[in-house]
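Q: Build me a model from this:
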Amino acid sequence: MIFRPSNGGPGHKSPRLSLRWVLSGRSRRAAVRGSLPALPLLLLLVAGVPAAAQTAESTATLGEVLPGGELEGYLRLLQVAGKTRAYPWSVRGFSPGDVGRLAPRDSAHPWAGRYTFADDAPEGEPRVHVHPVRTRAVFNSAFPYGGNDGAVWAGKGLTTAVEAGVTARWRWLSLTLAPVAFRAENAEFELEEGDAPGPEPFVDARHPNQIDLPQRFGDGAYARIDPGQSTLRADVGPAAVGISTANQVWGPAFDYPIMQGNNAPGFVHAFLGTSRPVDLWVGKLHGRAFWGRLEESPYSPTAADSAVRFGTGLVVAFSPRGVPGLEFGFSRFFHMPWPEGGPGGTEIFKPLETFFKVNLYSVIQGNDTIESSESVVANQLAAAFGRWVFPESGLELYGELASEDHRHNLRDWLLEPDHATSYTLGFRKVWVRDERRFWSLRGELLNGQASHLARTRRQDPFYIHAHTRQGHTSRGQLLGSPEAYGGAASTLAADYYHPGGRVTGFWKRAVRQEQGRFLATGVVETPDVMQSLGAEALLFRGRWELVGGLEGVYDFNRNFVSDVANLSATLGVRARL
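A: Predicted structure coming up:
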């Protein structure tokens, strides 16, 4: 058996465990609150200086390339720069085998002296790899802020997190255990008041009876221990099967995935799919189907007998022959109450259901058509996506278009394809200054706002459904991007990768919500919009890795009341045991 200790994966977006301890004493808490925003600045000042104290040899990353994490993002950068093979990016998380196939072709890249992505152990030799211990603290001065961090929810005040894990692999079997725990101080802030009261004062103000999306998780500290990015899987030939609690990321989006991302806690699910892209001569096909159990938060609007949902879905990506770097595909996700007696054939094959409601009708009474109960209570989300990488130019372009719920029929879809839709567009350009220094400019835009059709046809915000009333959520957080919930967002970021780590500067804009009542009131209303500027640095220092960030957020017309400024600071440490 080969035992390989980990050197710690960089990755501010990777899942994290939150510390269960809390700073005690007023003086100690005040000192932390006062100094935390300054700590990331110290990192940023020295971030541009390559680390002199590198490890003697690069460290294995078995099991550390996690959905939405730093190492996954680094492999994507290398693929756009032409340092790794063409490989579909729309079906994630990656298996250890996927990561091996994505390993850089040579050592001419910034972190070659830090990480080894290829699994070079002898064939059939069992391997055990201990992940680094990762701790992280997030401070928000005015309101909850953050995302794409799995189970962690960063409220106002100090949020702490910690993660550790281990991966074992033997032949076709692999097991990753990566639990996460966190504690949010969850300090008090002004909540938005809704038009209709919900079951609790903390529920979503816009649609309190149609989505499980609390503004605040209670009036005290909020803490959880979560199984995190844990997966048991078997890759036998072209097939993969397993059980997991890890996040799934569907589609090519980097910051704003619509269908599934790592914004919410993962949920327990079984999956079946391809272990690698299958060659069909006309192209390569890669896909995955899942069947899982979704749970709600204590602030859900549903009754106890419908608290647990059955979730199932399918994602497929196709790379055509003769067009290197191109992939396109589709995905579907269904929510429904957990079936009495457990899921059966109808639920298991739900992802293959027709796209049109007219084909689901079961009873016709006179001039009225009555839907079957199954089609009423099941909510569908569907998306089509594409991504094209041009490694010779260091460029990638991608997009995704998603629809909420079934369309009535083909005519309905052809007449008004933009009804209840959300889309993402993005790009990345990479410049290779030399083999140790890469620059990257990337941008992404998400739009989930109601279209002009709202003048003549009802359009609810994306992610909600009349009968499956938890919405597209897991334990009170959205499975997709929060900005798609009736809003919009855009990001422009510049990254500098060097042997000592990474430096990133970014600008973000997010439309949180719109009132949309001009036609009824004749009054021009101001939307709730956040603008932010920030920077982040990742530093390698021997067995240690430090990540720090500082972001200034200004929310114009927050909750349609007044402007509010927020300072968000992040500090993380990763250490090889």
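
Q: What is the burial count for R433?
A: The local packing of R433 (other CB atoms under 10 Å) involves 12 other residues. Where you see a C-beta, it was placed from the backbone N, CA and C, and this is true even at glycine.

Q: Equivalent analysis for the one 10 residues further on, please.
A: When counting by other CB under 10 Å, one arrives at 18 neighbours for G443.

Q: what's the answer for E190, then?
A: Applying other CB under 10 Å, we find 13 other residues in the vicinity of E190.

Q: do you know how far it is from A569?
A: Per CB to CB, to the nearest Å, E190 is found 21 Å from A569.

Q: just G394 next, same as before
A: If you go by CB to CB, the gap between G394 and A569 works out to 32 Å.

Q: Was I right to think R293 contacts F267?
A: Yes: in this structure, R293 sits in contact with F267. The criterion is CB atoms under 8 Å, and the distance is 6.2 Å.

Q: joint contacts of the two?
A: Residues touching both R293 and F267 (CB atoms under 8 Å, 6 or more residues apart in numbering): G311.

Q: of these two, who's got more company?
A: F267 (21 against 14).

Q: surely W250 meets N262?
A: No: between W250 and N262 no contact is recorded; they are 11.2 Å apart, counting by CB under 8 Å.

Q: can you give me the strands in the stretch 101-250 of the chain?
A: For the stretch 101-250 of the chain, the strands identified by DSSP state E, counting those that start in this stretch occupy 115-116, 127-130, 133-140, 157-163, 166-170, 173-177, 180-184, 222-226, 231-236, 239-244, 249-250, in order along the chain.

Q: Tell me which of those strands is the most buried.
A: For these, the largest average neighbour count (mean count of other CB atoms under 10 Å) is found in strand 249-250, namely a mean of 28.

Q: For that one, name the packing helices and strands.
A: Contacting strand 249-250 under the criterion 3 or more CB pairs under 8 Å, 6 or more residues apart in numbering; DSSP states H and E are the following elements: strand 91-92.

Q: what comes into contact with the strand it packs on?
A: When contacts are defined by CB under 8 Å, 6+ apart, strand 91-92 is touched by residues P67, E72, Q248, V249, W250, G273, H286, G287, R288, V315, V316, A317.

Q: Swap in 7 Å and give it another go.
A: The list of residues contacting strand 91-92 from outside it, by CB atoms under 7 Å, 6 or more residues apart in numbering, reads P67, Q248, V249, H286, G287, R288, V315, A317.

Q: can you tell me which residues contact E416?
A: Shown in contact with E416 (CB under 7 Å, 6+ apart): L453.

Q: please redo it, this time with the cut-off set to 8 Å
A: Shown here is E416, whose contacts under the criterion CB under 8 Å, 6+ apart are L453, R457.

Q: Could you report the distance from it to F556?
A: Taking CB to CB as the measure, E416 and F556 are separated by 31 Å.

Q: swap in T473?
A: T473 sits 26 Å away from F556, going by CB to CB.

Q: higher neighbour count, those two?
A: T473 (28 against 14).

Q: Give me the mean pLDDT for stretch 381-397.
A: Mean per-residue pLDDT for stretch 381-397: 97.

Q: buried stuff in it?
A: 381-383, 385-389, 391, 394-397 (16 or more other CB atoms under 10 Å).

Q: Kindly report the same for stretch 299-315.
A: For stretch 299-315, the buried set under the neighbour-count rule, 16+ other CB under 10 Å, comprises 299-302, 306-307, 309-315.

Q: Tell me how far it lies from the chain's centre.
A: Relative to the centre of its chain, stretch 299-315 is centred 19 Å away, using CA atoms, centre = their mean, to the nearest Å.

Q: Check which residues of stretch 554-572 are buried.
A: When neighbours are counted by 16+ other CB under 10 Å, the buried residues of stretch 554-572 are found to be D555, N557, R558, N559, F560, V564, N566, S568, A569, T570, L571, G572.

Q: now the third one, nearest residue through space, not along the chain?
A: If the residues on either side of it in the chain are set aside, R558 comes closest to V564, at 4.5 Å by CB to CB, 6 or more residues apart in numbering.

Q: Looking at H452 now. What's its pLDDT?
A: 78.

Q: ok so, going back, so which of the strands of the stretch 101-250 of the chain is nearest A535?
A: Proximity of the strands of the stretch 101-250 of the chain to A535 was assessed by CB to CB; the nearest stretch is strand 133-140, lying at 15.4 Å.

Q: What's the mean pLDDT across that closest one?
A: Within the predicted structure, the mean pLDDT of strand 133-140 is 97.

Q: Run the chain-centre distance for that strand.
A: Using CA atoms, centre = their mean, the mean C-alpha position of strand 133-140 is found 18 Å from that of the whole chain.

Q: Quick check: E70 vs K284, distance?
A: The gap separating E70 from K284 is 27 Å, by CB to CB.

Q: Please read the previous query as pertaining to G155.
A: When CB to CB is applied, the distance between G155 and K284 equals 44 Å.

Q: Comparing these two, which shows the higher neighbour count?
A: Per other CB under 10 Å, whichever of G155 and K284 has more neighbours is G155, with 24 against 20.

Q: Going along the chain, name the strands of the stretch 251-400 of the chain.
A: According to DSSP E, counting those that start in this stretch, the strands that the stretch 251-400 of the chain contains are 269-274, 278-279, 283-294, 309-320, 326-337, 361-365, 368-371, 379-390, 395-404.

Q: could I get these as a markdown table with distance to I348?
A: Supplementary listing: those in a markdown table, determined by distance: least, CB to CB, whole Å:
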| stretch | distance to I348 |
| --- | --- |
| strand 269-274 | 10 |
| strand 278-279 | 22 |
| strand 283-294 | 6 |
| strand 309-320 | 7 |
| strand 326-337 | 11 |
| strand 361-365 | 20 |
| strand 368-371 | 21 |
| strand 379-390 | 16 |
| strand 395-404 | 23 |
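
Q: L550: which of these is closest?
A: Distances from L550 to each of the strands of the stretch 251-400 of the chain were compared using CB to CB; the minimum, 28.1 Å, belongs to strand 395-404.

Q: just how off-centre is whichever helix or strand comes after the closest one within its chain?
A: Once strand 395-404 ends, the next helix or strand along the chain (criterion: DSSP states H and E) is helix 410-415. Relative to its parent chain, helix 410-415 has a centroid offset of 31 Å by CA atoms, centre = their mean.

Q: CA atoms of helix 410-415 as CSV?
A: What follows is the C-alpha trace of helix 410-415 in CSV, where atoms were taken according to Å, rounded to 0.1, in the frame of the first residue of the first chain:
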residue,chain,number,x,y,z
LEU,A,410,-44.5,22.6,-29.1
ARG,A,411,-46.5,25.6,-30.3
ASP,A,412,-46.1,27.3,-26.9
TRP,A,413,-42.3,26.7,-27.0
LEU,A,414,-42.0,28.0,-30.6
LEU,A,415,-44.1,31.1,-29.9
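
Q: Flag every buried residue along whatever helix or strand comes next after that helix.
A: Past helix 410-415, further along toward the C-terminus, the next helix or strand under DSSP H and E is strand 421-434. By neighbour count with 16+ other CB under 10 Å, strand 421-434 contains the buried residues T421, S422, Y423, T424, L425, G426, F427, R428, K429, V430, V432.

Q: hmm, back to that, same list (the buried residues of stretch 381-397) but as TSV, adding distance to P238.
A: Converted to TSV, the buried residues of stretch 381-397 look like this (distance: CB to CB, whole Å):
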residue	distance to P238
L381	28
A382	26
A383	25
F385	23
G386	24
R387	22
W388	25
V389	23
P391	26
G394	32
L395	31
E396	27
L397	29
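
Q: which one of these is nearest G82?
A: Nearest to G82 among the buried residues of stretch 381-397, counting by CB to CB, is P391 at 3.2 Å.

Q: Quick one: the helices in the protein, in order.
A: Using DSSP state H, the helices assigned to the chain run over residues 26-35, 39-46, 70-80, 96-102, 345-348, 373-377, 410-415, 518-521.

Q: Show residues contacting the fifth one.
A: Residues lying outside helix 345-348 but in contact with it, judged by CB under 8 Å, 6+ apart, are W291, F310, T312, M336, P339, E374.
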